[in-house]
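S.K.: What follows is a predicted protein model with its sequence.
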Amino acid sequence: MNSITYPIEKCPFLQVYVDLTYKCNLNCNMCYNPYWNNDLDLDYYNQVCGMFPEKVQIRFLGGEPTINSDLLFKAIKITQSHGHHATIVSNGVRIGKDIDFVKQLYDIAGDRIGIGISFDGGLKKESFIKITGQDLLEYKLKALENLLTIGFKPIRIPITSTIIKGINEHSIKDLFDISDKFNLKQIHYRSQMHYGKWIPDDAYTMTTLMELINKELPDTKDILRIFNHEQMPHKICYGCCKMFVTKSKRMYTVVDTSSYRVQRCHLRGIINNDFTITSIFGKLRQRYEIENLKKKE
C-alpha cells in the first residue's frame, strides 16, 4: 500500500512530524529512522507553518531533537508564533543529564509544550542494553524528574515504548508503573516496524498487541472514552491505531506500525522539503527502500 502526499495548504493531518536534526546522542540497534542527513531549514519551516489550513500538533523528532538547542528553541518559537502546538519526541538522555537545558526549554516554551520520553526498555536495564546498546534507565527516570521539577505539566509528558517480541513485553506494565509513580496520564505503545535498522521476523499486530495490553494492564477494562477516527469528517480510518481514555484518566495510544495500512494513516504526517506533506510511516518506508536500493547499487 502506497503512502499519501498532499500540498501543505491541503494538509489533512492532525499531527505533523518535523525532522529537526539528523544528529543523535545514541546509536540504537533498532532505530526506525536512520536514513537521512539534513537539519531543518528554519526559513522554510516558517513558511510551512503559515500555510497549514488549520492549527496542528507539531512533533519534533530526529535524530535527537534536544541535541541542537539553538535550532530547537528557534523552531519552537516559530511553531508557537503561528498558533500551533509543539511537542518534542526525545530519548530523554540530555533532559536527564542537563537540568540547565530543561530550565532553558521551560523559559522558551513554557508549560504548553509536550515532551515525549521513550522507555523501550521499560524498567529493565538489560532490555535497554539490547535495544540501545546502553543502560539508559537512570537517565530516563531522571528526565521525568527534571521535567516535573522545573514545572512541565504531567499531562503533557507522554511515555512511549515500541514492543518487540521476546525482548521487552514487560515494558507494557512498566510504563503503567512509571505513570503511577510520576502521575503521568499519556502512555503510547507501538509494534516494531518493518523498516529501519532492524526488521522483525514476527512483529505484533494490533490484535495481538491489544491482547497483551489488556492482559498486562489493570485499568484498560474500564474505558471511559474511545476516540473513533472513523467518524471524523473527510477522514478514512485503516484501523492502524487505537486511542482511548480509562476511568483512571490515562490516555492510551496504540499504533500497529507493523501493518502496511499505517502508511496511509490520516492522523500523522511529516513535512517534505517541497511544500508537501506525506503520511509519516509511508515516508519512513520510502527512506528505507531508497537506502536499500543504494546498497544494492
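M.R.: Thanks, I have it.
S.K.: what separates K295 from G83, distance-wise?
M.R.: Using CB to CB, to the nearest Å, K295 is found at 43 Å from G83. Using the backbone N, CA and C atoms, a C-beta is placed for each residue, glycine as well.
S.K.: Please compare the two by neighbour count and tell me which comes out ahead.
M.R.: Shown here are K295 and G83; by other CB atoms under 10 Å, G83 has more neighbours (11 against 6).
S.K.: For that one, report the pLDDT, please.
M.R.: pLDDT recorded at G83 is 97.
S.K.: Surely it touches E54?
M.R.: No: look at G83 against E54 with CB atoms under 8 Å: they stay out of range, at 9.9 Å.
S.K.: quick one: stretch 161-172 to chain centroid distance?
M.R.: A distance of 16 Å separates the centroid of the chain from that of stretch 161-172, by CA atoms, centre = their mean, to the nearest Å.
S.K.: Equivalent analysis for stretch 59-74, please.
M.R.: In this view, stretch 59-74 has its centroid 14 Å away from the chain centroid, taken as CA atoms, centre = their mean.
S.K.: Can you tell me what sits against it?
M.R.: Contacts with stretch 59-74, where a contact means CB atoms under 8 Å, 6 or more residues apart in numbering, come from 15-26, 33, 39-40, 42, 75-76, 86-91, 93-95, 101, 104-105, 108, 114, 116.
S.K.: Buried ones among those?
M.R.: 15-22, 24, 33, 40, 75-76, 86-91, 93-95, 105, 108, 114, 116 (16 or more other CB atoms under 10 Å).
S.K.: What about these, which are in strands?
M.R.: 15-21, 86-90, 114, 116 (DSSP state E).
S.K.: Spatially, which two of those are the most separated?
M.R.: Q15 and T21 (19.4 Å; CB to CB).
S.K.: I am assuming L123 contacts E138, so please confirm or correct that.
M.R.: No: if you go by CB under 8 Å, L123 and E138 don't touch, sitting 11.2 Å apart.
S.K.: neighbours of the closest residue to K153 other than its chain neighbours, just the number please.
M.R.: Take K153 and drop its neighbours on the chain: the residue closest to it by CB to CB, 6 or more residues apart in numbering is D111, 5.1 Å away. Using other CB under 10 Å, the number of residues around D111 comes to 12.
S.K.: Same check on the one 4 residues further on?
M.R.: As a burial measure, the neighbour count of I115 was computed by other CB under 10 Å and equals 25.
S.K.: In contact with it, which residues?
M.R.: Residues in contact with I115 (CB under 8 Å, 6+ apart) are 87-88, 90, 95, 105, 147, 152, 156-157.
S.K.: which one of the residues you listed sits closest to V262?
M.R.: Ranked by distance to V262 (CB to CB), these are led by T87 at 19.4 Å.
S.K.: roughly how far apart are the nearest residue to the closest one once chain neighbours are set aside and F60?
M.R.: Closest residue to T87 apart from its sequence neighbours, by CB to CB, 6+ apart: G114 at 3.5 Å. Relative to F60, G114 is positioned 10 Å away (criterion: CB to CB).
S.K.: and what of L40?
M.R.: Distance of L40 to F60, computed by CB to CB: 8 Å.
S.K.: what does L293 give?
M.R.: Counting by CB to CB, the separation of L293 from F60 is 28 Å.
S.K.: Between these two, tell me which one has more neighbours.
M.R.: Comparing L293 with F60 by other CB under 10 Å, the one with more neighbours is F60, at 27 against 9.
S.K.: would that one count as being in a strand?
M.R.: Yes: F60: assigned to a strand according to DSSP: H, G, I helix; E, B strand; the rest coil.
S.K.: Low-confidence stretches in this protein?
M.R.: Counting by pLDDT under 70, the chain contains low-confidence ranges at 1-2, 194-198, 228-238, 297.
S.K.: For P218, which residues are in contact?
M.R.: Taking CB under 8 Å, 6+ apart as the criterion, P218 is in contact with F176.
S.K.: Next: N183.
M.R.: Going by CB under 8 Å, 6+ apart, N183 touches P154.
S.K.: 327 is where my numbering starts, stick with that
M.R.: That works, and once the first residue is 327, the last one we named lands at N509.
S.K.: if we can go back for a sec, okay, and the common contacts of G440 and F386?
M.R.: 412-414.
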